[in-house]
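Colleague: Just to be clear, the model below is a prediction. Sequence and coordinates:
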Amino acid sequence: MKKITTSSLLAILMITVFSFTFPKNEVSNDIVFFKGTWKEALKLAKNENKLIFLDISASWCGPCKKLKRTTFTNKKVAEYFNAKYINVELDGEYGEGVALAQKFHLTGYPTLYFIDARENIVSESIGFVNHKEILKWAKSTDKK
């Protein structure tokens with residue numbers, strides 16, 4: 001009986017360890033935002049020949065929170081943006097976000113940009129957009 005209990009516990013432990021070691025390769029239902037610096041994002045955009053999708057927001061901004069909670073968690077939006085762009089989100093009042101908000105002449109929150117690897121603004125949108133509007137905007141930007 002002790003052998004069965006010990007074997008069962010060992011099997012459960014191994015399954016648990018393997019499930020954390022080798023997680024499922026699932027597609028995210030959220031836009032996945034780049035975790036590096038702006039300079040690193042630019043380099044990656046150049047290397048991968050992609051535009052940067054830049055979200056500049058503020059922690060206190062209601063439309064920014066709604067955008068993150070609804071639009072950025074839409075499955076179709078996430079699939080499209082994760083495949084096509086280097087996605088970057090910054091707070092316009094902290095860190096690198098301050099300098100970029102000034103550089104790109106930000107006038108309100110949230111402001112969304114498509115930017116090329118040379119830091120040229122390809123397209124810009126100010127304010128909340130729903131999942132249908134952001135996909136339409138992104139697809140029209142891709143044609144430019």
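Modeller: Alright, I've got the coordinates.
Colleague: Mind listing the residues bridging to residue 124?
Modeller: Listed beta-bridge partners, residue 124: residue 113 (assigned using DSSP bridges).
Colleague: Let me know whether it touches residue 112 as I believe.
Modeller: Yes - here residue 124 reaches residue 112: they are 7.0 Å apart, a contact under C-beta atoms under 8 Å. Where C-beta positions appear, they are placed from N, C-alpha and C, glycine not excepted.
Colleague: Which parts of this protein are helices?
Modeller: With DSSP state H, the ranges of helices along the chain come out as 2-21, 38-48, 62-66, 75-84, 96-103, 131-142.
Colleague: how much space between residue 76 and residue 134?
Modeller: Applying C-beta to C-beta, to the nearest Å, the value for residue 76 to residue 134 is 10 Å.
Colleague: quick one: which of those two has more around it?
Modeller: Legend: neighbour count by other C-beta atoms under 10 Å for residue 76 and residue 134, higher for residue 134 (23 against 12).
Colleague: for that one, what are its contacts?
Modeller: 71, 77, 112, 125 (C-beta atoms under 8 Å, 6 or more residues apart in numbering).
Colleague: what about 7 Å?
Modeller: By C-beta atoms under 7 Å, 6 or more residues apart in numbering, the contact set of residue 134 is 71, 77.
Colleague: Would you mind measuring from it to residue 75?
Modeller: With distances taken as C-beta to C-beta, residue 134 is found 13 Å from residue 75.
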